[in-house]
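Undergrad: Quick one, structure for this:
(chains A, B and C)
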Amino acid sequence: LAEAKSAEVRIVVSNRVITLLTDFGAEDYFVGAMKGVILTRSPGSILVDITHDIPAHDIQAAAFTLNGAYAWFPAGSIHLAVVDPGVGSARRPILVHSGDHLFVGPDNGLFTLVLDQFPAAQTRHITNSAYFLPEPSTTFHGRDVFAPVAAALAEGILPEALGPIIHDTVRLGSAVCAPLPDGSLNGKIVHIDHFGNCVTNLPSHLFPKTAETRPFVLQGNGFEAWALARSYEEGALCAARPFLIRGSAGLLEIALSCSSAAKAFGISVADPVRLIWRKSK
Amino acid sequence: LAEAKSAEVRIVVSNRVITLLTDFGAEDYFVGAMKGVILTRSPGSILVDITHDIPAHDIQAAAFTLNGAYAWFPAGSIHLAVVDPGVGSARRPILVHSGDHLFVGPDNGLFTLVLDQFPAAQTRHITNSAYFLPEPSTTFHGRDVFAPVAAALAEGILPEALGPIIHDTVRLGSAVCAPLPDGSLNGKIVHIDHFGNCVTNLPSHLFPKTAETRPFVLQGNGFEAWALARSYEEGALCAARPFLIRGSAGLLEIALSCSSAAKAFGISVADPVRLIWRKSK
Amino acid sequence: LAEAKSAEVRIVVSNRVITLLTDFGAEDYFVGAMKGVILTRSPGSILVDITHDIPAHDIQAAAFTLNGAYAWFPAGSIHLAVVDPGVGSARRPILVHSGDHLFVGPDNGLFTLVLDQFPAAQTRHITNSAYFLPEPSTTFHGRDVFAPVAAALAEGILPEALGPIIHDTVRLGSAVCAPLPDGSLNGKIVHIDHFGNCVTNLPSHLFPKTAETRPFVLQGNGFEAWALARSYEEGALCAARPFLIRGSAGLLEIALSCSSAAKAFGISVADPVRLIWRKSK
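TA: Reported below is the predicted structural model:
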């Protein structure tokens, strides 16, 4: 019976996940057209939106958001990221094969954080137009180049079929903060989330969970935070004063109880912050 | 046998629907990360967004929206609802098994309307951390606790494996309106929809479809509605005056022809309304 | 053998794609309820959102966006489009069978562009209420009429089972621009996209890719464009002046480098534009 079964059924071994991250917004036909192309060429793919609300042309924001999401997807997932102000120009379409994940998009720095984590990642210049739509437009490579390439990968095409390995991928400047001679750290705001929490580039492990919190002050433009809360509720003890919290991206965040820290203190992305260690009480 | 093969069958390991409802917005990595966790642990799950645009921390709005959507999904669906201002605090993660549906989320009143409808529903405190991600954060239980628990349920883990039954679930105050001695009803606005229609807590069955409409006036802050329309188009006869309509959630709504009643009359959630029966003509 | 099958495998008859396009917004229970109805009646359907952010009641915008997306989906896809200000009135629910695609929605002009392309398309008045939810509401046919009809089609119900062919489908006025005696063309803005690019109804093929660009000026309200760029980056040479570009919908668009042309020049949908040919240099 077992034999009969195995002879008889066609097992669909893997339904590849393709995630989508763009700055296209949700209101146009753009995202629908990309998904249509993928499902035409790879009907078994499982499409998952990360977001389409990256601020227009904001490669830095796209890199941050992609980095917070991709690693949670199954090994073998294909991540299609299209924030592409240079569409139609000489900027290269690339494929990054990093750890267990594949990334497809323009060579403009989008994959900086992924590449920072995986120095052994392989990057390829996608040159094989056999996998593009015929006669691609110069304004919508998301639909005409990147979507069909992602579909081809989902159908089992190997990275080497797409183009040659390159070593000069465009990267954004590093967002890592370095300690100063006195032990303090100059950092900056790298993201402001939906709730107005302000994500810094200061890693959460500056405050190990298992040790007592070392006294500190975090200085920003027009505000100071003196406390580290373990949860937003604990932060409520700070009343209307901002506090630090270990965020879900592994970075320290500036938060305000039941309210938007960004709005209350006029904090924007790229604003500088400084973490200074105080003498123990 | 070869013939049988061409019939093309596919083994469906599990096709459980998991819906998602949050106040996370669509622009961050939050929703993507949750979906990645689920698809890693339950690759066959079918993910459906209800919404991620619940106003931040608005448990009441989340309860209303969940209630308008969940019952239309297939029996056995798992509803992941995360509006969770108390994340990281002592508030409990719970599982509600109600009718044919499973609900997973924080114990803060989110499931009040579900529980009101199913007095026999079973609620469990989710205590078995074997089904959480390792070392859950204190700021993102959507990803670290609720998503993996939903995935476990989709993979066939039984509710009893997750934790003990509890009987003291947090509930929001009742939204049911009670008639006054003179037969009139004091109600309130419980939701304002995308089109500016104002949903009251007055049930549509106050005006049975099969009977003639009993004369009434609905009084709000600065407006009165004297007519019940059967459709928005019929309401156009009311010109610039508001009218009542039986809404798709089983509740009476205040509407305005081709326009937002909420904007025109400055109506907000929680505003009081009063339905007074008039003498027949 | 038959027994083995029923014990262990489940035949997936069809994995039909159902796309959704509405003006319901993403914040309400509306879209979730529609998807729940479809997945209850057609569990194997693959649901794909085109958009739910069509401006409220804007049938013209819905027709444009649907047209930019649908053709990219696999043959056999079902497109559910619900922008339906006349819900509950006498307006007819219809099914359009056009080329390889099926369309379901209200008879109010939504499918004008599809019908313009396929004169042989068949349109049916959906009259067979056996495929609706029992006791449909008068305010939410998306959930009660159109979603179950789409599910029925996905499950293999034939169009002829739904109702009779009709020949008097409602259509919007034509958006095709006609040349004037002097060769110039009067056109208009038909869409403004997420990036502020202004899509005209002037076809891109006015400027064949293989020929040198014929000198022109495009005149709008308070602005003129004198250049055609092949990519947005090439348009950067125009600095703060608007330029034309061949858009991804096959129509000429007015764009501005790294910025919103719509905002910069106060351009709105329906604004007139005029394309005048200049003497060669």
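
Undergrad: any low-confidence regions in the stretch 151-281 of chain A?
TA: Within the stretch 151-281 of chain A, the segments meeting pLDDT under 70 span A:281.

Undergrad: By proximity to chain B, which residue of it wins?
TA: The minimum distance from the stretch 151-281 of chain A to chain B, using C-beta to the nearest C-beta, falls at residue A:231 (2.7 Å). Quick note: C-beta positions are derived from backbone N, CA and C, even for glycine.

Undergrad: Which helix or strand contains the closest residue to that residue other than its chain neighbours?
TA: Among residues not flanking residue A:231 along the chain, residue B:88 sits closest, at 2.7 Å (C-beta to C-beta, 6 or more residues apart in numbering or on different chains). Assigned by DSSP states H and E, residue B:88 belongs to no helix or strand.

Undergrad: and residue B:88, what is it in contact with?
TA: Shown in contact with residue B:88 (C-beta atoms under 8 Å, 6 or more residues apart in numbering or on different chains): A:230, A:231, A:232, A:233, A:234, B:137, B:138, B:139, B:141.

Undergrad: what's the farthest-apart pair in these?
TA: A:234 and B:141 (14.8 Å; C-beta to C-beta).

Undergrad: Looking only at neighbour counts, state which of the two leads.
TA: More crowded of residue A:234 and residue B:141, by other C-beta atoms under 10 Å in any protein chain shown: residue B:141, with 24 against 17.

Undergrad: Next, count neighbours for the nearest residue to residue A:223 once chain neighbours are set aside.
TA: Spatial nearest neighbour of residue A:223, excluding adjacent residues (C-beta to C-beta, 6+ apart): residue A:265 at 4.4 Å. Residue A:265 has 19 neighbours, counted by other C-beta under 10 Å.

Undergrad: What of residue A:207?
TA: 18.

Undergrad: pretty sure it is touching residue A:228, no?
TA: Yes - contact criterion C-beta atoms under 8 Å: residue A:207 and residue A:228 qualify, at 5.6 Å.

Undergrad: Kindly point out which residues are neighbours of both of these two.
TA: Common neighbours of residue A:207 and residue A:228 are listed as A:213, A:244, A:246 (criterion: C-beta under 8 Å, 6+ apart).

Undergrad: okay if I get these as CSV plus distance to residue A:29?
TA: Compiled in CSV, the shared contacts of residue A:207 and residue A:228 are given as follows (distance: C-beta to C-beta, whole Å):
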residue, distance to residue A:29
A:213, 51
A:244, 43
A:246, 41
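
Undergrad: Now do the same contact list for residue A:100.
TA: A:75, A:76, A:77 are the contacts of residue A:100 under C-beta under 8 Å, 6+ apart.

Undergrad: how about a cut-off of 10 Å?
TA: A:71, A:73, A:74, A:75, A:76, A:77, A:118 (C-beta atoms under 10 Å, 6 or more residues apart in numbering or on different chains).

Undergrad: Closest approach to chain C from the stretch 51-200 of chain A, which residue is it?
TA: For the stretch 51-200 of chain A, C-beta to the nearest C-beta, closest residue to chain C: residue A:88, 2.8 Å.

Undergrad: tell me the contacts of the residue nearest the centre of chain A?
TA: Nearest residue to the geometric centre of chain A (C-alpha atoms, centre = their mean): residue A:66, 1.6 Å. By C-beta under 10 Å, 6+ apart, the contact set of residue A:66 is A:19, A:21, A:50-51, A:54, A:79, A:81, A:83, A:103, A:105, A:110-114, B:29, B:32.

Undergrad: mind checking which helix or strand it is in?
TA: Per DSSP H and E, residue A:66 falls inside helix A:59-69.

Undergrad: Just the buried residues of stretch A:110-117, please?
TA: Within stretch A:110-117, the residues that count as buried by 16 or more other C-beta atoms under 10 Å in any protein chain shown are A:110, A:111, A:112, A:113, A:114, A:115, A:116.

Undergrad: what's the answer for stretch A:186-198, then?
TA: In stretch A:186-198, counting by 16+ other C-beta under 10 Å, buried: A:187, A:188, A:189, A:190, A:191, A:192, A:193, A:194, A:195, A:196, A:197, A:198.

Undergrad: Just the ones of the contacts of residue A:66 in strands?
TA: A:19, A:21, A:50, A:51, A:79, A:81, A:103, A:105 (DSSP state E).

Undergrad: what's across from the second one in the sheet?
TA: Translated: residue A:21. residue A:51, residue A:81 (DSSP bridges).

Undergrad: Which secondary structure state does residue A:136 sit in?
TA: coil (DSSP: H, G, I helix; E, B strand; the rest coil).

Undergrad: Buried ones from the shared contacts of residue A:207 and residue A:228, can you make that a PyMOL selection?
TA: Selection command for PyMOL covering only the buried members of the shared contacts of residue A:207 and residue A:228, criterion 16+ other C-beta under 10 Å:
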select buried, chain A and resi 244+246
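
Undergrad: Identify, from the shared contacts of residue A:207 and residue A:228, the entry nearest to chain C.
TA: Closest to chain C out of the shared contacts of residue A:207 and residue A:228 is residue A:246 (30.2 Å), distances taken as C-beta to the nearest C-beta.

Undergrad: any idea what sits nearest that closest one, other than its immediate chain neighbours?
TA: Residue A:246's closest residue in space is residue A:204 (C-beta to C-beta, 6+ apart), at 3.9 Å.

Undergrad: Count the residues that sit near the one you found.
TA: The burial count for residue A:204: 20, using other C-beta under 10 Å.

Undergrad: Pop out the phi and psi values for it.
TA: Phi and psi for residue A:204, reported as degrees, to the nearest 10, are phi -60, psi -30.

Undergrad: residues in contact with it?
TA: A:228, A:244, A:245, A:246, A:247, A:248, A:249, A:250, A:251, A:252, A:253, B:137.

Undergrad: Including secondary structure, could those residues go into a markdown table?
TA: Formatted as a markdown table, the contacts of residue A:204 follow (three-state DSSP):
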| residue | secondary structure |
| --- | --- |
| A:228 | strand |
| A:244 | strand |
| A:245 | strand |
| A:246 | strand |
| A:247 | coil |
| A:248 | coil |
| A:249 | coil |
| A:250 | coil |
| A:251 | strand |
| A:252 | strand |
| A:253 | strand |
| B:137 | coil |
